[in-house]
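Enquirer: structural data only, the sequence is not supplied:
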Ligand SMILES: Cc1cc2nc3c(=O)[nH]c(=O)nc-3n(C[C@H](O)[C@H](O)[C@H](O)COP(=O)(O)OP(=O)(O)OC[C@H]3O[C@@H](n4cnc5c(N)ncnc54)[C@H](O)[C@@H]3O)c2cc1C
Ligand code: SF4
Ligand code: SF4
Ligand code: FES
């Protein structure tokens, strides 16, 4: 077998914000480091992030600090977040943002010349460091340029298909080059997974083609566990028209900067959907809500800025009640509330996106929007300080890791998560590599079996086309494991997933190995199916509604379930099992924060 | 509302290829990338194409559509007549890998040669202070999504392979301009711009500006000011000295 082999201390899989930050940290800790990614460098999903990076820098509101950010994050996640991750995240985010500036990032400024901060849902103060509405581009470009300046090796357009392990833990990874289809293996005692999310399992999604759940699935197959996969975030505002752009994100900054939601009758409906949990901090009248934009101290937040799960469910209910637009969405209106100059200045890429893709001028017309699959809160179960998974030598950071966001992520908290935990994972991976140096080796039979599995779709004749199977999986998840769920739907989904597994085992692909997207999809599909199964199983198990998970047959949050995580792992026969695990206990000094700021 | 469109798509690899004809369904609101995806799913499962965001944000789906460098995801089908043949070919300036995918490693090699950003010290309280108006000049260039369409269109390298050694192309000239205008940066890259990156080869035809999907004014706001500053430096050693030691450059 033709195989290119490399040896490193740390191999980082993924070149989004988390992966690049991890690679920089590992390199700076002295580890020989490589980054592997499916797309070209600089194109990862992080490039699409718009609104900003949440960090309690206090540049606009000196009252803001990590304790308030911690509290907002935990409340946003309905207290199911791992308290230690939420704490580290809130404490370290400001330094991670400042460091980007030293690497060349140019954030928008306040009048005092400091990094500007903008409002987002669920955050008590304006807290998002941003660059217009293209913050993800700024973040990834800065980290990309830093990675290049440090001379870190990057394997781009290269896909990992397997993690390799021995009796102790990780020994490396196996993959193929997109360009040639040739195989490549990395020997390494530490692997950092930073592969992002799973959104391509859904039909309506804001996610890029890379979001096929590879990291979740690779971790599971290597013996690690996933936590709370039932929590999938549907962002309230995706484009709904025209059909070809359905799902594309409309950033939350539109609401943060004054946009409001209206149904087809022209009513500002969010006032009808304020949950008791957030009533104290939410405006009761339109007048108060409107005053808040200019006087945040003496007024409460508009209900449009409730956390995402609340807004997405409200929109869903309006549409179901027959008050939606012709295309099944609602209206998001900023045109009637802000001047065209203001809109173009604050939301340049939204302006551009609607103009180019939908032929809509958002300074003149309302946007037609509805919920879209956006983010997965569930992910690899990790130890909060080091991001170590339950397999020696395996680490996970960013969207692929679980725990940080509980049942619902606040906007802006992902980009900061990437930086804080990307760095921590890189440092810990370098340290593990030092301890295991010289003790890992790639076994020939493992490499041969990985290669054989990858080539299987070429050997089969007359099997199904992978695009058809992907389409059917997306439809299944959309119809049965969407925003609102029931027991019967989850059971139906699991049956269909079982059928899809059989179809995937029988796929065949055209052509040869060189840059062959049909083949690439055939290799991504088993990951998507495994992850979809975890979501459906966990969603069936959790008999309550909380955050990103709403059960029509159990419509309220249950305090007992509020103490429980659901852990997915693979049994000896390869089946996915789900078990309950108590939430870690929050220490009293942190618990006090909720009393003092209640 | 659907109709059948005629597409001609280049298929082949480094050893050669040809335009192939396809008839494919088009629905309301679709863009060229949707059609390419439909071709993959229904008629050509192995048709190679790069894409990522389908929202004009990642710069992956660059190609030439009816001979013009464009992003496939930002080219609406409604801009063509229903009976028009739409021809999609790979970017010409870079070697073909397969079908619509080209080898863009030249760009990554040039990026690696650029002397890194080197900031001045922070203020005593740990902050950097900059005025919005000062950051905006560089921010314009930082909007670049690295689609390399400007590289594709620039005749200095489009028709002269040999120039790639001495000329970095518009994307990297504006990267130099961006660093040069960055309020915190302390390195002078003007000599490198001329000698290593070939600023002098640019003859200001502005073709790069015309194709930039981000609307960056590469020539007027980046390349021409760089050229002026290089000349400045050559003839006026005092301005140069000033820019080296000044805490914040004013030019
Ligand atoms: C439109 C949009 C707007 C958003 N706006 C915001 C915002 O304003 N603020 C915020 O905080 N969050 C935002 N988010 C969420 C945030 O962007 C993501 O959660 C975050 O970027 C994930 O980063 P990551 O580093 O975990 O993964 P990614 O950036 O997705 O990187 C994943 C990497 O893993 C690689 N990879 C995957 N599988 C493999 C494999 N098998 N082999 C090799 N490589 C692999 C990919 O190629 C890629 O390089 C937004 C998301 C979207 C879609
Ligand atoms: S202006 Fe200069 S860089 Fe731009 S296309 Fe013309 S020659 Fe090339
Ligand atoms: S400057 Fe414009 S055309 Fe050139 S790579 Fe950047 S975005 Fe593309
Ligand atoms: S797919 Fe990202 S720019 Fe076209």
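Expert: Alright, I've got the coordinates. Values in this document were obtained by computation on a predicted structure and should not be read as measured data. Residues are numbered from 1 along each chain as shown, chains lettered A, B, ... in the order given. Ligands and ions are numbered 1, 2, ... in the order given.
Enquirer: burial of residue A:569, as a residue count?
Expert: 18 (other C-beta atoms under 10 Å in any protein chain shown). All C-beta spots, glycine's among them, are computed from the backbone N, C-alpha and C.
Enquirer: ok, the closest residue to it other than its chain neighbours - contacts?
Expert: Residue nearest to residue A:569 in three dimensions, not counting chain neighbours: residue A:225, with 4.3 Å by C-beta to C-beta, 6 or more residues apart in numbering or on different chains. For residue A:225, the contacting residues are A:380, A:381, A:389, A:390, A:567, A:568, A:569, by C-beta atoms under 8 Å, 6 or more residues apart in numbering or on different chains.
Enquirer: count of neighbours near the residue in the stretch 101-250 of chain A positioned nearest to ligand 1?
Expert: Of all residues in the stretch 101-250 of chain A, residue A:196 sits closest to ligand 1, at 2.7 Å by C-beta to the nearest ligand atom. Other residues lying near residue A:196 total 32 when counted by other C-beta under 10 Å.
Enquirer: how far away is the residue nearest to residue A:569 from residue A:383?
Expert: 12 Å (C-beta to C-beta, to the nearest Å).
Enquirer: how about the contacts made by the residue in the stretch 101-250 of chain A that ligand 2 sits nearest to?
Expert: Closest to ligand 2 within the stretch 101-250 of chain A is residue A:141: 20.4 Å, counting by C-beta to the nearest ligand atom. Shown in contact with residue A:141 (C-beta under 8 Å, 6+ apart): A:42, B:142.
Enquirer: that one: which element?
Expert: Assigned by DSSP states H and E, residue A:141 belongs to helix A:135-150.
Enquirer: next one: that helix to chain centre, how far?
Expert: Distance of helix A:135-150 from the chain centroid (C-alpha atoms, centre = their mean, to the nearest Å) equals 19 Å.
Enquirer: strand partners of the next helix or strand after that helix, parallel vs antiparallel please.
Expert: Moving toward the C-terminus from helix A:135-150, the next helix or strand (DSSP H and E) is strand A:153-156. Sheet pairing of strand A:153-156 (DSSP bridges) gives strand A:33-37 (parallel).
Enquirer: what ranges of the chain fall below the confidence cut-off?
Expert: Unless you meant another one, I'm taking chain A. In the predicted model, chain A carries pLDDT under 70 at residues A:596-598.
Enquirer: please go with chain B instead
Expert: B:233-251.
Enquirer: interface residues of it facing ligand 2?
Expert: B:153-154, B:156, B:170, B:202-208, B:219, B:223 (C-beta under 6 Å from any ligand atom).
Enquirer: of those, select the buried ones using a ChimeraX command.
Expert: ChimeraX command restricting these to the buried ones, with burial defined by 16 or more other C-beta atoms under 10 Å in any protein chain shown:
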select /B:153,154,156,170,202,207,208,219,223
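Enquirer: in helices, which of the residues of chain B next to ligand 2 fall?
Expert: B:153, B:156, B:170, B:207, B:208 (DSSP state H).
Enquirer: I'd like those as CSV, with distance to residue A:327 appended.
Expert: Below are these laid out as CSV (distance: C-beta to C-beta, whole Å):
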residue, distance to residue A:327
B:153, 37
B:156, 47
B:170, 40
B:207, 39
B:208, 38
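Enquirer: show me where the stretch 451-598 of chain A has its helices.
Expert: For the stretch 451-598 of chain A, helices defined by DSSP state H, counting those that start in this stretch occupy the ranges A:466-480, A:487-504, A:517-541, A:588-596.
Enquirer: chain B now?
Expert: B:32-42, B:105-113, B:132-142, B:149-153, B:155-158, B:170-181, B:190-195, B:207-211, B:224-235, B:237-245.
Enquirer: quick check, the shortest one touching ligand 3?
Expert: In other words, helix B:155-158. No - using C-beta under 6 Å from any ligand atom, helix B:155-158 stays clear of ligand 3, with a minimum separation of 12.7 Å.
Enquirer: that helix: which residues count as buried?
Expert: B:156, B:157, B:158.
Enquirer: ok so, going back, JSON lines for the helices of the stretch 451-598 of chain A, including mean neighbour count and distance to chain B?
Expert: Output for these, formatted as JSON lines (neighbours: other C-beta atoms under 10 Å in any protein chain shown; distance: least, C-beta to the nearest C-beta, whole Å):
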{"stretch": "helix A:466-480", "mean neighbour count": "19", "distance to chain B": "4"}
{"stretch": "helix A:487-504", "mean neighbour count": "17", "distance to chain B": "15"}
{"stretch": "helix A:517-541", "mean neighbour count": "24", "distance to chain B": "4"}
{"stretch": "helix A:588-596", "mean neighbour count": "11", "distance to chain B": "25"}
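Enquirer: burial measure for the residue of chain A at minimum distance from ligand 1, as a count.
Expert: Closest contact between chain A and ligand 1, by C-beta to the nearest ligand atom, is at residue A:16 (1.8 Å). By other C-beta under 10 Å, the residues close to residue A:16 number 32.
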